[in-house]
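Enquirer: Quick one: sequence and predicted model below, then my questions.
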Amino acid sequence: VVFFFFVLVVFVFGVVLFLLLTKTPATHGYPVCFNLCLYNKTYFLFYNILAKIFLTSDKRKQHNLKKVKMIMSDYFSVPGLFVFIVGACIGSFLNVCIYRIPENNSIITPGSFCPNCNKNIPFYYNIPILSYVFLMGRCKFCKHPISIRYLLIEALTGIFALLLFHKFGLTPAMAYWFVFISVLITISFIDIDHQIIPDIISLPGILIFASSFCFLPEMTIKDALLGILAGGGSLYAVALFYYLLKKQEGMGGGDIKLLAMIGAATGIKGVIFTIFAGSLFGTIFGILIMVYTKIADTKLRIPFGPFLSLGVILYIFFGKQLVQWYLSTLAIN
């Protein structure tokens, strides 16, 4: 689990760096007053660090300085900060879902409470990210340590909201993908903890995200339906083949429904990419686990949901570019 957290953080950091180095900022059509950059010490700190790390060529120094400054201005803009805060607040709610849904408890009531002393947490001790930092990762009342995962999920959701805002602007596509990624985060951490993907999330998710043609210009009703069939059918075929071969289950039904949900959102192309990338991530993770534990067990149980989620998130941000690069590589060879 700790290694998965590390992989997830490295992946997000890599996405941020990729955007910083390759993308140019979008104005998103906002009035000038909303695009004012927050020129504060934090901004200049990040700006100087990036400049020192990446600007090594004297000939391109002036051009790259201007580019980095423009991109940093876009990320530290007032709308960007607002999007990150909203994303972090949603991340706080995702923590509730991750903790309560597997226990079949309501995600509405009661309010947030400490699982150790069961005391209700006031709203001013429940501010995303900041409360964890100010309380130094401990409950205010019983001083019991609070898992850093709460902070990680809040920050992770905020970062994804910011990345989607940078890529799509405030559009229906951004809202759609943010809800989709939020569901993936919830599913992934539940799968890590309990090795289950609750039907209460995946089944409604298939129906909800089949509306992708309403939010994404590249999707049609046909694409969504074929994506559901390809996603659910492909993993079901693999699971059935493994069962006939080994006479035991090798893949949970939750993964099948999750991939059907992914197919509803991305179509057949997204399903193929997700299976390939998720299998690659899962294989690397499994090999590293076996090397670390020195146990060469081919029956090692690893939750597949988080790796499918990583695969489809990679597709959302860089799917077309990676597919084009892969096809061009094949053509050259």
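Expert: Ah, there it is. Numbering: from 1, shown residues only.

Enquirer: burial count for the spatially closest residue to E154 that is not a sequence neighbour?
Expert: Leaving out its chain neighbours, the residue that sits closest to E154 by Cβ to Cβ, 6 or more residues apart in numbering is G91, at 3.8 Å. Just so you know, the C-beta spots here come from the backbone N, C-alpha and C atoms, and that holds for glycine as well. Residues near G91, counting by other Cβ atoms under 10 Å, number 25.

Enquirer: Just the pLDDT for G91.
Expert: For G91, the pLDDT comes out at 95.

Enquirer: now the one 10 residues further on
Expert: According to the prediction, I101 has pLDDT 94.

Enquirer: contacting residues for it?
Expert: Contact analysis of I101 by Cβ atoms under 8 Å, 6 or more residues apart in numbering lists 107, 186, 190, 198, 200-201.

Enquirer: now, which of those residues lie within helices?
Expert: Mapping the contacts of I101 onto helices (DSSP state H) picks out 186, 190, 200-201.

Enquirer: Give me the buried subset of those.
Expert: In these, burial by neighbour count holds for 186, 190, 201, counting by 16 or more other Cβ atoms under 10 Å.

Enquirer: just to revisit the earlier point, hang on, the residue nearest to E154 is in a helix, isn't it?
Expert: Yes: membership of G91 in a helix is supported by DSSP: H, G, I helix; E, B strand; the rest coil.

Enquirer: ok, so of the buried ones among the ones in helices among the contacts of I101, who is nearest L310?
Expert: T186 (14.4 Å; Cβ to Cβ).

Enquirer: by contact count, what packs against the helix or strand containing Q321?
Expert: For Q321, the host element (DSSP states H and E) is helix 305-332. Counting by 3 or more Cβ pairs under 8 Å, 6 or more residues apart in numbering; DSSP states H and E, the packing neighbours recorded for helix 305-332 are helix 2-22, helix 148-168, helix 172-194, helix 253-293.

Enquirer: Can you redo those helices as TSV, where the extra columns are mean pLDDT?
Expert: As requested, the helices and strands packed on helix 305-332 are exported to TSV (pLDDT from 0 to 100):
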stretch	mean pLDDT
helix 2-22	50
helix 148-168	93
helix 172-194	95
helix 253-293	89
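
Enquirer: Minimum distance to R100: which of these has it?
Expert: helix 172-194 (10.2 Å).

Enquirer: That closest one packs against which elements?
Expert: helix 78-100, helix 148-168, helix 199-209, helix 212-215, helix 253-293, helix 305-332.
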